[in-house]
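Q: Build me a model:
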Amino acid sequence: MKRKLSHSELLQLKRWNTPTLYNGWEQITQHDIANDAFNLEETHDFMPQMGPMVGYAVTVVIEPSNSAHKGKHAAAAEYREYVASVPGPKIVIVQDLDKPAVLGSFWGEVNSNLHKSLGCVGTITDGAIRDVDEMTNAGFKALAQRLCVGHAHVAAVRWNCEVEVFGRKIQPGQLIHADKHGFLAIPEEDQPRLLDASLFMDRNECDTVIPSARNAAGKPMAEFLEDFTEVAGQYGKNVKKKFSGEGEW
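A: Prediction:
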């Protein structure tokens, strides 16, 4: 990744939910807005009270069913060195080769505290997590397929590679924003304009279509619908003006 956002920009992105960032992203990207950024399968946020998380992807593949991976201490140390070498904040993206079966969890109290100390803010895994209360206490957020009891033969099989979780391929270093709705993986070229576009789209909604949609009280239905259609047109004009390069709104 050539460009990292500033700490200030990341903090501001964290203040908004993931759908709000999607609304901004779709205005600036050349990618397919239905197929190129967010999860295609359902995720479960086990710490919704922690709000959104934002960070750069570090990637790892696991296979808890395979006992051959257990006990490879040199590989485990090399994986930890990889995670530590990447500037934070980081989100650990874990592809579980056993999916859809869940035979063991990479995550628990120890690993979440360890990764927190390595500069990671949370994880997205298409496998399982356990020790959910202890993970929450560590301040380590998790989106996962489900909970489970044991770790089985879990170990890092490979890392710093492309992974696929919840139907979405993710590259190491890719900017990730995630909350209870799912996650958004931002292409590198769209990062610089993401915050500005998202703030604009939120302000545009708040100043036009949202107040109009809430203003039905005491109006005949025909008048309400006519007014909303007019305001929706203004909303669209604002978007076109902002993103066509014709000037600021």
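
Q: From now on I want contacts and neighbour counts done on CA atoms only, so please keep to that.
A: OK.

Q: pLDDT (mean, whole number) over stretch 114-133?
A: Mean pLDDT, computed over stretch 114-133, is 97.

Q: Now do it: distance to the chain's middle.
A: Remark: stretch 114-133 is offset 14 Å from the chain centroid, using CA atoms, centre = their mean, to the nearest Å.

Q: again, but for stretch 138-148
A: How far stretch 138-148 lies from its chain's middle: 13 Å, per CA atoms, centre = their mean.

Q: For Leu175, what are phi and psi?
A: phi -70, psi 130 (degrees, to the nearest 10).

Q: now the helices for the chain?
A: In the chain, helices defined by DSSP state H lie at 7-14, 18-28, 73-85, 109-117, 132-137, 191-207, 209-213, 221-243, listed in chain order.

Q: Pull the residues that contact the fourth one.
A: This means helix 109-117. For helix 109-117, contacts defined as CA atoms under 8 Å, 6 or more residues apart in numbering pick out Val121, Gly122, Arg130, Asp131, Val132, Glu134, Met135, Ala138, Gly139, Phe140.

Q: Out of those, list just those in strands.
A: Among the contacts of helix 109-117, the ones falling in strands (DSSP state E) are Val121, Gly122.

Q: so Lys169 makes contact with Val163?
A: Yes: Lys169 is within contact range of Val163, at 5.6 Å (criterion: CA atoms under 8 Å).

Q: Those two: which has the busier surroundings?
A: Neighbours of Lys169 and Val163, each counted by other CA atoms under 10 Å, are more numerous for Val163; the result is 21 against 15.

Q: Does the more buried one touch Asp96 like I think?
A: No: look at Val163 against Asp96 with CA under 8 Å: they stay out of range, at 9.4 Å.

Q: can you list residues touching both of the two?
A: Shared contacts of Val163 and Asp96, counting by CA under 8 Å, 6+ apart, come down to Val61.

Q: one step back: tell me the most buried of the helices of the chain?
A: Across those, the average number of neighbours (mean count of other CA atoms under 10 Å) peaks for helix 18-28, which reaches a mean of 20.

Q: Find out how far that one is from the centre of the chain, if you would.
A: Averaging C-alpha positions (CA atoms, centre = their mean) puts helix 18-28 12 Å from its chain's average.

Q: re earlier: now distance to Pro64 too, for the helices of the chain, in a markdown table please.
A: Formatted as a markdown table, these follow (distance: least, CA to CA, whole Å):
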| stretch | distance to Pro64 |
| --- | --- |
| helix 7-14 | 32 |
| helix 18-28 | 30 |
| helix 73-85 | 14 |
| helix 109-117 | 15 |
| helix 132-137 | 19 |
| helix 191-207 | 34 |
| helix 209-213 | 48 |
| helix 221-243 | 47 |
